[in-house]
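J.: got a sequence here, can you model it:
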Amino acid sequence: MPPLGVTRLRLSTGPRADLALAGVVLVLAGVAEGQRLGSDRDATPSAIGAWLLAVAVCAALPLRRRRPVAVGWSTVIGTGIYYLLSTVDGPLVVIPIAVLHALAAQGRTRASVAMAAVMVIGVGAGVLVGGGDVSGTAVFMLTGWLVAVVALGAMRHGRIAFAEEEARLRATQERLRIARELHDVIGHNMSMIHVQASSALHRLHRDSTQAEEALTAIKLGSKEGLRELRATLGVLRQVDEEIPIAPSPGLSGIEDLVSATARSGLDVRIEHSGSPSPLPASVDLAAYRIVQESLTNAVKHSGARHVVVRIRRGDRELTLGVQDDGHGATRAGHGGGSGIAGMTERARALGGTLSAGPGSAGGFIVRARLPFSDHHEPIGGAVDDQNPAGG
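T.: You can find the predicted model right below:
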């Protein structure tokens, strides 16, 4: 997952949309000035000047992403001069209105309000001096349009900012949850190392000084590592959260998960393949959570009736596939994407990958690849037979 930070807010329209809007406005302005020339040949100089000014204003619109405020002021001022030179009510005012909306949607509300005020004051001044066909009603209507445009842009900015903050909060909560689970898993494994090293020291029959020193180092190092791990990750726990004493869930409990899912009316089939070798605890936990989240999403969003869970254990990686027969395309556009984000975070934390989307034949498919080293401590690693409880 990329580092979280403040994301630049953009309008949904891209450069092509800006070019299209500028082109349409320029064509309409050209038609209006052409009709003006057809009715009044003496207006040729002012018509040509107005046309060139319209070209400059429209050409500035695609540059608003690089210099939004500068482009805003240039379009506002250029449009004002255009209406002073031209006697036709052309559509050029659409350009600064689009820029004002974009500025407000980017969070530059002060700049957009200032530009809107200048436009209203300019038109109002034209009414006072009696220039053109502009009336007080036109000023009132323009003011209403500009207020609505800026307000809509500001609302869009607020919605996007709220959505980003909510997504940031969900990602933070998911990372805290993963950190707590890693604390449990790694802490358990470190405890097993400590127990096994202690047991080996007690059962050492031969007087091997070198081996004893190595085992002693393992014991001390694992104990110190466990203490540091708990001190570092323990701060992520909630103050009132009890430290769980039950083992973390894994694929061994997937049958119980399927049974619980079946009570919601979903038919789940599991297909196992590959090596039956044990998995690292972190991979086993992540696989269980990914399957759990996929089944939960299938129940909530897809409207599926059947789900196939494919689990393949390799020597160095575990691959998962969860496919349902629900409404894949509809679910892909659903707003509840926090579950997919959490599953992706889990896979990436282990150096793996995860993809989720509609299947070519319908339904929704989640695929995950979770790599691991071929030398790892299996789940519930071997404990000395004289101390099966690990204590």
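J.: by mean pLDDT, which helix or strand of the protein comes out lowest?
T.: Across the helices and strands of the chain, mean confidence by mean pLDDT, DSSP states H and E is lowest for helix 328-332: a mean of 54.
J.: ranges for the strands of the stretch 201-350 of the chain?
T.: Along the stretch 201-350 of the chain, the segments classed as strands by DSSP state E, counting those that start in this stretch run 267-274, 306-313, 317-324.
J.: nearest to Arg159 among those strands would be which one?
T.: Closest approach to Arg159 among the strands of the stretch 201-350 of the chain (Cβ to Cβ): strand 317-324, 30.7 Å. In short, each C-beta sits where N, CA and C put it, glycine included.
J.: quick one: the helices in this protein?
T.: 15-39, 44-60, 68-85, 94-105, 109-128, 136-202, 209-233, 254-262, 281-297, 328-332, 338-349 (DSSP state H).
J.: helices or strands up against the second one?
T.: Meaning helix 44-60. The contact analysis (3 or more Cβ pairs under 8 Å, 6 or more residues apart in numbering; DSSP states H and E) places helix 44-60 against helix 15-39, helix 68-85, helix 94-105.
J.: give me whichever of these is most buried.
T.: helix 94-105 (a mean of 25; mean count of other Cβ atoms under 10 Å).
J.: which residues are contacting it?
T.: The contact list for helix 94-105, computed with Cβ atoms under 8 Å, 6 or more residues apart in numbering, reads 9, 11, 21-22, 25, 57-58, 60-61, 64, 68-69, 71-72, 75-76, 79, 109, 111-112, 115-116, 119, 145-146, 149-154, 156-157, 160.
J.: quick one: work out the angle between it and helix 15-39.
T.: Angle of helix 94-105 versus helix 15-39, following axes from the mean of the first three to the mean of the last three Cα atoms, to 10 degrees, is 150 degrees.
J.: low-confidence ranges in the stretch 201-350 of the chain?
T.: Using pLDDT under 70 as the threshold, the predicted model of the stretch 201-350 of the chain has low-confidence ranges 202-203, 205-214, 217, 221, 224-248, 328-338.
J.: now render the strands of the stretch 201-350 of the chain as CSV, adding mean neighbour count and distance to Leu295.
T.: Rendered in CSV, the data for the strands of the stretch 201-350 of the chain read as follows (neighbours: other Cβ atoms under 10 Å; distance: least, Cβ to Cβ, whole Å):
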stretch, mean neighbour count, distance to Leu295
strand 267-274, 13, 7
strand 306-313, 18, 6
strand 317-324, 22, 7
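J.: closest to Glu293 out of the ones you listed?
T.: Where the strands of the stretch 201-350 of the chain are weighed against each other on Cβ to Cβ, the nearest is strand 317-324, at 9.1 Å.
J.: and the strands of the stretch 201-350 of the chain as JSON lines, adding distance to Leu169?
T.: Compiled in JSON lines, those are given as follows (distance: least, Cβ to Cβ, whole Å):
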{"stretch": "strand 267-274", "distance to Leu169": "31"}
{"stretch": "strand 306-313", "distance to Leu169": "30"}
{"stretch": "strand 317-324", "distance to Leu169": "26"}
